[in-house]
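Peer 1: Can you look at this prediction? I've put the sequence above it.
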Amino acid sequence: MRPPFDPTLYLVTDTELCRPHPVADVVRAAVAGGVTAVQVRDKHASRRELLALTRAVQAAVADRPDVPVVVNDAVDVALLAGADGVHVGQEDLPAEEVRRLLGPDRLIGLSVESADDLAVALGLPPGTVDVLGLSPVWATPTKPEAGPGLGLEAVRELARVAHAGGLLTVAIGGIDAARAADVAATGVDGICVVSAVCADPDPQEAATRLRAAMTPVGAR
Ligand code: TZP
Ligand code: MG
C-alpha cells in the first residue's frame, strides 16, 4: 500500500532559501499552514547531509502521518531514511528502475517537461509512477536551468492527457499565492512551491495563503 498522498500543496525544500531558518522548522510551520506533502531537495548537500536533512524533516512532521516526506533523486537516502517516496527528473534514474528499488509501497514522482516526456511516462507499466510534476509553469530563479515556462495552456493540456492516463499531476515553477488559483484552474491536482514558502519570512502564513488559493471559492 502506498502512503497517503494529497498533492494539493506540495512543498519542495531549498536549504539556501530557508536560511537563516533550519529547513525542518520551515517545514513544520508550512505544514501547520496547510502544506499537504513535502519533498526534501538540496542540490548542494552531500548524501550524508541529505540523509540527516531528511531525518530532521521526518521528525518535524512525525505527528502528521497524512503528510508524506519524499526525497528528491536520492533513492539510497530515501531507503535509509524510510521516506515515503522519491521524486526523479528526466536525467535521474529511470522511474521503472526506481520502482524496482523502492518496491510497491512507496511513492514515485516524475518530472515531465514536454508532451514527449508525458507520452513516455504514460507508457510505463501501471503503478510505476504516482504523480507527474509538470515543469516549469514559468521560468524561475530557483531553478534557472529549468528553462522557459510551459505556460498555463500547455500545463492544462498536459494535465488533461495525464489524467486520461490515470495519473495525478502537480505543477511547479514560478508559482506564488497570486498565481496559484490560475494554476489550479488548469485542472492540475496540486501545486509545488519552493520560494513562495521557503523564502517567505512567515512560512506558515505563506502556506495558508497558498492553500486558500487552492480551495474553490464556494468550498471555503
Ligand atoms: N523544478 C522545476 S522548477 C523548480 C523545480 C525544483 C523550482 C521551483 O521553484 P519556485 O521557487 O517555486 O519557482
Ligand atoms: Mg532530479
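Peer 2: Good, I have the coordinates. The structure displayed is predicted, hence computed values, not measured ones. Ligands and ions are numbered 1, 2, ... in the order given.

Peer 1: burial count for residue 145?
Peer 2: 5 (other C-beta atoms under 10 Å). For glycine as for every other residue, the C-beta is placed from the backbone atoms N, C-alpha and C.

Peer 1: now residue 212
Peer 2: With other C-beta under 10 Å as criterion, residue 212 counts 16.

Peer 1: so where does residue 170 fall, helix or strand?
Peer 2: Using DSSP states H and E, residue 170 sits within strand 168-172.

Peer 1: quick one: is that strand near ligand 2?
Peer 2: No - against ligand 2, strand 168-172 shows no contacts by C-beta under 5 Å from the ion, the least distance being 11.9 Å.

Peer 1: Report the buried residues of stretch 184-204.
Peer 2: 184, 186-200, 203-204 (16 or more other C-beta atoms under 10 Å).

Peer 1: Downstream of the helix or strand where residue 197 lies, the next helix or strand is which one?
Peer 2: Following DSSP H and E, one finds residue 197 within helix 195-198. Note on helix 195-198: by DSSP H and E, the next helix or strand toward the C-terminus is helix 203-214.

Peer 1: Show me which residues of that following helix are buried.
Peer 2: 203-204, 206-214.

Peer 1: before we move on, back to that, the strand holding residue 170 packs against which elements?
Peer 2: strand 131-134, helix 152-164, strand 190-193 (3 or more C-beta pairs under 8 Å, 6 or more residues apart in numbering; DSSP states H and E).

Peer 1: State the next helix or strand along the chain beyond it.
Peer 2: Remark: after strand 168-172, the chain's next helix or strand is helix 177-184, criterion DSSP H and E.

Peer 1: Now that next one: buried residues?
Peer 2: 177, 179-181, 183-184.

Peer 1: cool, stretch 161-178 as well?
Peer 2: In stretch 161-178, counting by 16+ other C-beta under 10 Å, buried: 161-162, 167-177.

Peer 1: Stretch 94-108 now?
Peer 2: Applying 16+ other C-beta under 10 Å to stretch 94-108 flags 95, 98-99, 102, 106-108 as buried.

Peer 1: Which members of the residues you listed occur in helices, if any?
Peer 2: By the criterion of DSSP state H, membership of the buried residues of stretch 94-108 in helices covers 95, 98-99, 102.

Peer 1: Generate TSV for these, with distance to ligand 1 and pLDDT as supplementary columns.
Peer 2: Shown next, in TSV, are those (distance: C-beta to the nearest ligand atom, whole Å; pLDDT from 0 to 100):
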residue	distance to ligand 1	pLDDT
95	16	98
98	17	98
99	21	98
102	20	98
